[in-house]
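Trainee: I'll drop the sequence and a predicted model, then ask my questions.
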Amino acid sequence: MRSRTVTAVLGPTNTGKTHLAIERMLGHQSGLIGLPLRLLAREVYGRIVDRAGEDAVALITGEEKILPKAPRYWVSTVEAMPLDLQTDFVAIDEVQLAGDLDRGHVFTDRILNLRGQSETLLLGAATIRPLLEKLLPGLNVITRPRMSVLTYAGSKKVSRLPPRSAIVAFSADEVYGIAELIRRQRGGAAVVLGSLSPRTRNAQVELFQNGDVEHLVATDAIGMGLNLDVDHVAFAGNRKYDGYQYRQLTAAEMGQIAGRAGRHTRDGTFGVTGRVDPLDDDLVEQIENHHFNSLKVLQWRNSQLDFSSADSLRRSLDKPPQEDGLARAPIGDDVTALENLLRDSLVSGMAKGQKAVELLWDVCQVPDYRKIAPANHAELLNTIFTHLMQDGAIEDDWFARQLAFADRVDGDIDTLANRIAHIRTWTFVANRPDWLADPAHWQGVTRGIEDKLSDALHERLTQRFVDRRTSVLMRRLRENAMLEAEITSSGDVLVEGQHIGNLLGFRFAPDAAAEGPDGKTVRAAAQKALAAEIESRADKLSRSENSDFVLTSDGSIRWRGEAVAKVVAAEEVLAPSVLLLADEQLSGPAREKVQDRLNLWINAQIETLLKPLADLKAAEGLEGLARGVAYRIVEGLGILERQEASDEIRQLDQDMRASLRKHGVRFGAYNIYVPALLKPAPSQLLAQLWALKHGSLDMNGISDLPQLSASGRTSIPVDETIDKALYKVVGFRVCGPRAVRVDILERLADLIRPLVAWKPLDAEVSPPDGAIAQGGGFTVTVAMTSLLGCAGEDFSAILKSLGYRCETREEQRPVAAKAEEPAGEAAPVAEAPVLTEEAATAEASADEAAAAATTDTEAPPADAEMETVTIEIWRPGRADRRPRQRGQENRRGGDNRNKGGQGKGEKRHGGPKGAGKGRGPQRSFGNDQSRSDRGPKKDKPIDPNSPFAALMALKQGMDSKDKS
C-alpha cells in the first residue's frame, strides 16, 4: 500500500528532477509539492504561477501563506505541507534529507504517509535508494543521469577564481570575509545564507544571475536545489557545525554542493580555495562519478501523537520505530521547548485536556529563529501559550509591541539579520489561523516589516560587498559591447553610467576604485568623450574673459575654478613662464590656443597689478641717471634702500626727480619706493613671483607675510626662519627685532625731522612735544610708538638700526602727586579703549618719554618735592657702518658722522648751531622734499630764473594789492 502511485526519481544534481516534478504536477488537475527550503519553495511557486496563474497556486510555508480562493496547485516547505489535502499529485524533493538528524523525521513521515491520488514522486539522491526500496516494497525507481560533466579543478586562490564561481563557506563570518576580499579585488560578490529572507536571497541571487557580479559566496544552502548559473564551485571549508558538533563534510554532502556547478548541458568544475587542503583522489572520484555510500537509516519520530494529557504526549513522542531501517530521531527543538514549558507549574496546570495539550504542542512548533538560548525561546512560548489559554487569542497591543522592536531599518548587516530573525517568529505566529483576533491584518503587517527589513539588508549587503561601478563595467566588457562614455558639467567622467574619474581642467584623474583588471579598457572607452570635451574646453578658454582666471597661492592658474596651468620661474622675475597642466589629448592648434591665452592673461595680470614697475622698466620719459635709478627700483621690486644708491640719488636734478615721481616713485628718508605696490594685491603677487625665482612657493613665510602686510600691521616681529629679502618684497624693512612697513618709516621720519631741526629762538617758548631745549635731538613720543605699534627695547632697536644714537641724562623733576581716594569708597575707573598688547606697551613707554621731555621747559614750584630721573635723548648718527661708496660724503664738509658720538662730535651734530646751518646727519635722514622742494633756503640767494622766485614775486604782488 505504501508504494501505490509512488515513483522515486533519483540521481545527482543537474538531472532536471525538480523540473520534471513541476511538469508532471501541471499535467494533473491538482497537486502538492514539498521542498526542503523556504527559498526554493518561493522559486518553484514563481515558476508555477508563470504557467498556471496566481489564482491557481497557493504557497504555504511556516512564515508565509498565499491562499487564493480556489487553488489547484500547492507549493510548500516539507514541514508545512498540508496533511489533510486530497490532491491528484504529490512530490517530495530532496528525500535523502530523511537521514538528517535535525529535520529527517519530518521527511521520513512524508515519505511514508503522504500520497497523491494519481501520482507520487520522491525526488532525491541515489544514496537513499536501498532504504526506499526496503520501506516501500514494489517502489518504481527511475534514475536520471547528470546532464553535464563535473570535473575537479584543484586549488585556487580566491582572487584567481574564474568568473561565475560560487564560494561555499560554513559560517556567516566566513561568508562576509570572503565577500569583502572579492569586492576589493574583483568588483563584488552576491551573498546567500540560509537565514536570509526569500526577498533578500532573491535580490542577491539576481545580482549574480544578471551578471552584475561574477561571484557568489554562500553557505551550503545552495546545495538544496537552488538553480544558479554556476560554472565553478570552490570549497572555502570542509567542516561544518550541524547543530550538535563540528564535523567533516561527508562525500555525499560535498557532492550535493559541488553538483551545483554546470547547468543543463554546460559542464562544471569544483575545487578548493587556498585555505583548504586539496581533495584526495578517492573523494574526487566519488564526486565526479556521483558514487556515494548509501544511507544506513532514516530518522523517525512518531507522528500519531496522543494529546489526552501532557504525559501521554511525552510517551507518544518517546515511542521507538518498529521497522528496520528507521532510527529514533534525536530530541528536537520542539520537544526541548515542551519540556521547558511543562516545568512551569502555571503552564502544566493549564495544559489539561486534549485541546489544551494540542495547543501547547502547536505553540512548541514555533521555530527558534533567534537562536539566543532554549530558555529564552521557552519564555517567549510561555507568554504566547498563556495569552491563548487565558484570553483566547494573543492581545493585539502586546503583539504590536513585539513587532515594534523589529520595525526599524537602521543598523548594520548583523543588526538587520537579527531583526529579520525576530520578525520571522512573529510572521510564523501571525500565520496561525486562530491565534490572533485578525490574523489576516497581522500577516500583512509582519510581511510588510519583513519585506522592508529584507530590502534594507539587501541594500547593506550590496553596499558592503558589491562595487556597482566595477561590476557593471566588467559585465559590459564581457558582452563585447561598445561602452558609452559621457562627461557631466561638473567634470565627472561616466562610462555606462558608472563614475570612473574626473576631468580636472585638461587632465583626466582616474578614480582609484575603478582601476581594476580592466581599467585600461575602461579608460580607452572614455578617450573619445575626453578628446571631444577637451577640444571644446580649449575653445572656450581661448575666448574667456580675464575675470574667468585667477592665480592661486600655490602658483596655479585656475580657469573657472579648475587648475589649467602652473606659473614657473623664468629668467626675469617679472616675466614668469606658464606651464600647461594638460594630458596628451590637448595637442596641436588647441594646445597652442590655450597656451597663448594663458600667456596673455598672466602678462596682463602682472602689467595691471604691477603697472608702476612695468612703466619704470619701460623707462618712458626717463633719461640719464633717472633710468639707472628706475632700473634699480625695478630690480628691488619697488623698494630701493636710499643708502644703497645714495650716490645716484644725490646726483639727480629736479627734472629727473620729477620724472620719477610721475611714475609713482617716492623719495623717502630711508627708502626710494613705489607706494602703490604696498597694497595687498600687488604685494602678494610680488611675493609669489619672487619666491618662484629665489625659492619655492612653500618656503617659510610666503603665505603669512602677505597676509600680515594686508592686515594693516605697521610693524611685526622678525622671524629668523624667514628670508630677510622676503620682508622687503612685501614692503617691510627689517629694523632689528622688528620689520617695519617702509611707508610707516617715512611717517616716522616726518615726526622726527622737525624735532631735530627745532632750535630755541625764544627762551620763553616751550619746545614741541619730543623736542629738547638744546635742540638737535628728540625724545620718544606717544605718536612715534603708536605709529609703529611697539615700544621699549624694540622701539630703541628700530631707531638704532636707522642710525640714531642714544644718550642718557639725569634731570630733576617734581615727584608726581598721588590722588587720594575717599575713605570707604572705591575710586571710579574710567573705561579705557581696547588696545593691542603692542600698542599698550608703546603708549606706556611713550608716556614716560613725554613726561621726561617736559622737564626741559616746565619750571617746578619752589616748594615742590623733586626727584632725579634718567631720560633718553636720541640724536641723528651713523645709520650703518659699512664702507661707504665713493661720493657718499656730505657735500658740505665731508661725512661728519664719522666723528659722531659723545663729546666733540656731539656738539657738531646736536647743537643749535649745527641744526641752524642744516649740516650733519640731518641731511641724510630728512625727506628729500625737505631739501629740494620747499623753495630756496634763507641763507642762500634766490635764483631770479627759478619758479620759486616767480611764486614769491606773485605773492608779494598780491600782498601789496591787499594793503592798498
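Mentor: Nice, thanks for sending it over.

Trainee: With Glu64 as the reference, measure out to Ala406.
Mentor: From Ala406 across to Glu64, the span is 16 Å (CB to CB, to the nearest Å). C-betas here are computed from N, CA, C, even on glycine.

Trainee: show me what contacts the closest residue to Glu562 other than its chain neighbours?
Mentor: Take Glu562 and drop its neighbours on the chain: the residue closest to it by CB to CB, 6 or more residues apart in numbering is Gly505, 4.1 Å away. For Gly505, the contact set (CB atoms under 8 Å, 6 or more residues apart in numbering) comprises Arg537, Trp559, Glu562, Ala563, Val564, Leu581, Ala582.

Trainee: got the buried residues for stretch 743-750?
Mentor: Judged by neighbour count (16 or more other CB atoms under 10 Å), stretch 743-750 contains these buried residues: Asp743, Ile744, Leu745, Glu746, Arg747, Leu748, Ala749, Asp750.

Trainee: Including secondary structure and distance to Ile606, could the residues you listed go into JSON lines?
Mentor: Shown next, in JSON lines, are those (DSSP: H, G, I helix; E, B strand; the rest coil; distance: CB to CB, whole Å):
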{"residue": "Asp743", "secondary structure": "helix", "distance to Ile606": "22"}
{"residue": "Ile744", "secondary structure": "helix", "distance to Ile606": "26"}
{"residue": "Leu745", "secondary structure": "helix", "distance to Ile606": "27"}
{"residue": "Glu746", "secondary structure": "helix", "distance to Ile606": "26"}
{"residue": "Arg747", "secondary structure": "helix", "distance to Ile606": "29"}
{"residue": "Leu748", "secondary structure": "helix", "distance to Ile606": "32"}
{"residue": "Ala749", "secondary structure": "helix", "distance to Ile606": "31"}
{"residue": "Asp750", "secondary structure": "helix", "distance to Ile606": "32"}
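
Trainee: In CSV: these, plus distance to Asn599.
Mentor: What follows is those, written out as CSV (distance: CB to CB, whole Å):
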residue, distance to Asn599
Asp743, 33
Ile744, 37
Leu745, 38
Glu746, 37
Arg747, 40
Leu748, 43
Ala749, 42
Asp750, 43
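
Trainee: what are the ranges of the strands in the stretch 551-700 of the chain?
Mentor: Counting by DSSP state E, counting those that start in this stretch, the stretch 551-700 of the chain has strands at residues 556-559, 562-568, 577-580, 639-641, 666-667, 671-673.

Trainee: got a list of contacts for the longest one?
Mentor: The one in question is strand 562-568. Counting by CB under 8 Å, 6+ apart, residues outside strand 562-568 touching it are 491, 504-506, 541, 551-552, 555-558, 576-582, 594, 598, 602, 688, 692.

Trainee: Check these for burial and list the buried ones.
Mentor: Neighbour counting by 16+ other CB under 10 Å classes 491, 505-506, 541, 551, 555-558, 576, 578, 580-582, 594, 598, 602, 688, 692 among those as buried.

Trainee: which sections of this protein are below the confidence cut-off?
Mentor: Scanning the chain for pLDDT under 70 picks out the ranges 223-226, 468-484, 496, 498, 512-526, 528, 762-765, 816-864, 878-964.

Trainee: tell me which element the residue nearest to Ile487 when sequence neighbours are not counted is part of?
Mentor: For Ile487, the nearest residue in space outside its immediate sequence neighbours is Glu533; the separation is 4.7 Å by CB to CB, 6+ apart. In this structure, Glu533 is located in helix 519-542 according to DSSP states H and E.

Trainee: same check, this time on Ile182
Mentor: Using DSSP H and E, Ile182 falls within helix 172-186.

Trainee: Determine the next helix or strand in the C-terminal direction from that helix.
Mentor: Note on helix 172-186: by DSSP H and E, the next helix or strand toward the C-terminus is strand 190-192.

Trainee: Check which helices and strands that next one is in contact with.
Mentor: helix 172-186, helix 198-209, strand 215-218, helix 439-465 (3 or more CB pairs under 8 Å, 6 or more residues apart in numbering; DSSP states H and E).

Trainee: just the ones you listed: most buried one?
Mentor: Of all those, strand 215-218 carries the top mean neighbour count, a mean of 30, counting by mean count of other CB atoms under 10 Å.

Trainee: Determine the set of other helices and strands touching it.
Mentor: The elements that strand 215-218 packs onto, with contact taken as 3+ CB pairs under 8 Å, 6+ apart, are strand 165-168, helix 172-186, strand 190-192, helix 198-209.

Trainee: Stretch 297-317: how far from the chain's middle?
Mentor: Using CA atoms, centre = their mean, to the nearest Å, the mean C-alpha position of stretch 297-317 is found 62 Å from that of the whole chain.

Trainee: Go through it and flag the buried ones.
Mentor: Within stretch 297-317, the residues scored as buried using 16+ other CB under 10 Å are 297-302, 305-307, 310, 313, 316-317.

Trainee: Secondary structure and distance to Gly243 added to the residues you listed, as JSON lines?
Mentor: Formatted as JSON lines, the buried residues of stretch 297-317 follow (three-state DSSP; distance: CB to CB, whole Å):
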{"residue": "Val297", "secondary structure": "coil", "distance to Gly243": "18"}
{"residue": "Leu298", "secondary structure": "strand", "distance to Gly243": "18"}
{"residue": "Gln299", "secondary structure": "strand", "distance to Gly243": "13"}
{"residue": "Trp300", "secondary structure": "strand", "distance to Gly243": "18"}
{"residue": "Arg301", "secondary structure": "coil", "distance to Gly243": "16"}
{"residue": "Asn302", "secondary structure": "coil", "distance to Gly243": "21"}
{"residue": "Leu305", "secondary structure": "coil", "distance to Gly243": "23"}
{"residue": "Asp306", "secondary structure": "coil", "distance to Gly243": "28"}
{"residue": "Phe307", "secondary structure": "coil", "distance to Gly243": "27"}
{"residue": "Ala310", "secondary structure": "helix", "distance to Gly243": "26"}
{"residue": "Leu313", "secondary structure": "helix", "distance to Gly243": "23"}
{"residue": "Ser316", "secondary structure": "helix", "distance to Gly243": "24"}
{"residue": "Leu317", "secondary structure": "helix", "distance to Gly243": "19"}
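
Trainee: Checking Val550 next. Helix, strand or coil?
Mentor: When classified by DSSP: H, G, I helix; E, B strand; the rest coil, Val550 comes out as strand.

Trainee: My error: substitute Ala327 in the last question.
Mentor: Put simply, Ala327 is strand when judged by three-state DSSP.

Trainee: Arg813 now?
Mentor: Reduced to three states with three-state DSSP, the structure at Arg813 is strand.

Trainee: isn't it right next to Val869, touching?
Mentor: Yes: with contacts counted by CB atoms under 8 Å, Arg813 reaches Val869, the gap being 5.7 Å.

Trainee: The two - which one has more neighbours?
Mentor: Neighbours around Arg813 and Val869, counted as other CB atoms under 10 Å, are more numerous at Arg813. The numbers are 18 against 15.

Trainee: can you map out the helices along the stretch 651-800 of the chain?
Mentor: Across the stretch 651-800 of the chain, reading from the start of the chain, the helices by DSSP state H, counting those that start in this stretch fall at 654-662, 680-694, 704-710, 724-729, 742-757, 782-788, 792-801.

Trainee: Can you give me the buried ones in the shortest one?
Mentor: Which is helix 724-729. Using 16+ other CB under 10 Å as the burial criterion, the residues of helix 724-729 that qualify are Leu726, Tyr727, Lys728, Val729.

Trainee: Point out the other helices and strands that that helix packs with.
Mentor: Using 3+ CB pairs under 8 Å, 6+ apart as the contact criterion, the elements in contact with helix 724-729 are helix 680-694, strand 732-735.

Trainee: same question, the first one
Mentor: Contact partners of helix 654-662 among helices and strands, from 3+ CB pairs under 8 Å, 6+ apart: helix 625-635, strand 666-667, helix 928-932.
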